[in-house]
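J.: Have a look at this prediction, sequence included:
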Amino acid sequence: MAVVGILAAAGRGERLGTDVPKAFALCAGRPLLEWSLEVLESACDRVVVAVPPDRTGAPDRVAGGDSRSESVRAALRAAPEARIAVVHDAARPLVTRELVEACVAAVDEGWDGAVAAARVSDTIKEAGADERVTRTLDRGMLWAVQTPQAFGADALRKALEEADDTTLAAATDDASLVEAAGGSVRVVEALPDNIKVTSELDLRVAEALLRARAAC
């Protein structure tokens, strides 16, 4: 069984305000991507990292595309042996091996995809362009989706290859592409602390959580 991790690390991360691509910004003393890479390497047979074109010098590094989905497609093309693909954002440094393995196990059970997700605790309302509330959603049915996201590699390949450039550019995660292609996707419950680093505040929170985890 070839379980291949795909680490999406090609984004510029302009909102973080660093002078290096986001995945290479320091977080608790290490480049952000190293936290996730270490976990994926412990849980997968191989890890391919999609990085900016000028950062491809290391083994298993491929040049990412203009969109996240294009980067994932490039990394998956570099791993033809993959039976299961585990896609993870380098911007989520608090991922655990247990969560990766739980997503992989769900795919082994027969699902086309399995996504880490946290239950929504806030009340969620839908509003129109004029900011008028149109409805209140049932939060008992809502999940905040994260990564990792594991897929049968063939299902993910099909979804990525069949999607046009506009669809790829608009996709906010890979599961939505697999869903649109008719694939079955389930959620795997994760903790809310599997945060995504987008802003400087997120970076400080992630550093505090990583240091607290190391102290346990």
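T.: Right, received. Where do you want to start?

J.: Out of the helices and strands in the chain, which is least certain?
T.: Lowest on mean pLDDT, DSSP states H and E among the helices and strands of the chain sits helix 165-170, with a mean of 87.

J.: and it, which residues are buried?
T.: Going by neighbour count (16 or more other CB atoms under 10 Å), the buried part of helix 165-170 is 167-168. Just so you know, the C-beta spots here come from the backbone N, C-alpha and C atoms, and that holds for glycine as well.

J.: Next, the distance between the ends of stretch 9-20.
T.: Start-to-end span of stretch 9-20 (CA to CA, to the nearest Å) is 12 Å.

J.: Just the mean pLDDT for it, thanks.
T.: Average pLDDT, stretch 9-20: 83.

J.: Any chance you could list what contacts it?
T.: 21-25, 33, 49-52, 63-65, 68, 71, 90-91, 197-200, 203 (CB atoms under 8 Å, 6 or more residues apart in numbering).

J.: and what of stretch 21-40?
T.: Around stretch 21-40, the neighbours that count as contacts under CB under 8 Å, 6+ apart are 5, 7, 9-13, 16, 18, 47, 49, 51-52, 55, 86, 88-97, 100, 148, 197, 203, 206-207, 210-211, 214.

J.: still on that earlier bit, continuing past the least confident helix or strand of the chain, what's the next helix or strand?
T.: Scanning forward in sequence from helix 165-170 by DSSP states H and E, the next helix or strand is helix 174-180.

J.: for that following helix, packing partners?
T.: Packing partners of helix 174-180 (3 or more CB pairs under 8 Å, 6 or more residues apart in numbering; DSSP states H and E): helix 68-77, strand 113-119, strand 143-152, helix 153-162, helix 165-170, strand 185-189.

J.: What's the mean pLDDT across that helix?
T.: On average, helix 174-180 scores 96.

J.: Next, the buried residues of that helix.
T.: Within helix 174-180, the residues that count as buried by 16+ other CB under 10 Å are 174-179.

J.: What are the contacting residues of the helix ranked longest in the chain?
T.: Criterion DSSP state H: the longest helix present in the chain is helix 200-215. Residues outside helix 200-215 that contact it (CB under 8 Å, 6+ apart): 16-17, 25, 27-28, 35, 93-94, 193, 195-197.

J.: Stretch 183-195 too?
T.: 92, 94-96, 99, 102-103, 106, 111-119, 143-146, 151, 155, 159, 175, 178-179, 202, 205-206, 209.

J.: From those, list the buried ones, please.
T.: So, by 16+ other CB under 10 Å, the buried ones in the contacts of stretch 183-195 are 92, 94-96, 99, 102-103, 106, 111-118, 143-146, 151, 155, 159, 175, 178-179, 202, 206, 209.

J.: Mark which of the contacts of stretch 9-20 are part of helices, please.
T.: Going by DSSP H, the helices hold 33, 68, 71, 200, 203 from those.

J.: Reformat those as a markdown table; add pLDDT and distance to R135.
T.: Listed next are these as a markdown table, based on pLDDT from 0 to 100; distance: CB to CB, whole Å:
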| residue | pLDDT | distance to R135 |
| --- | --- | --- |
| L33 | 97 | 39 |
| R68 | 90 | 30 |
| S71 | 95 | 35 |
| E200 | 94 | 34 |
| L203 | 96 | 35 |
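
J.: Brilliant, that's me finished.
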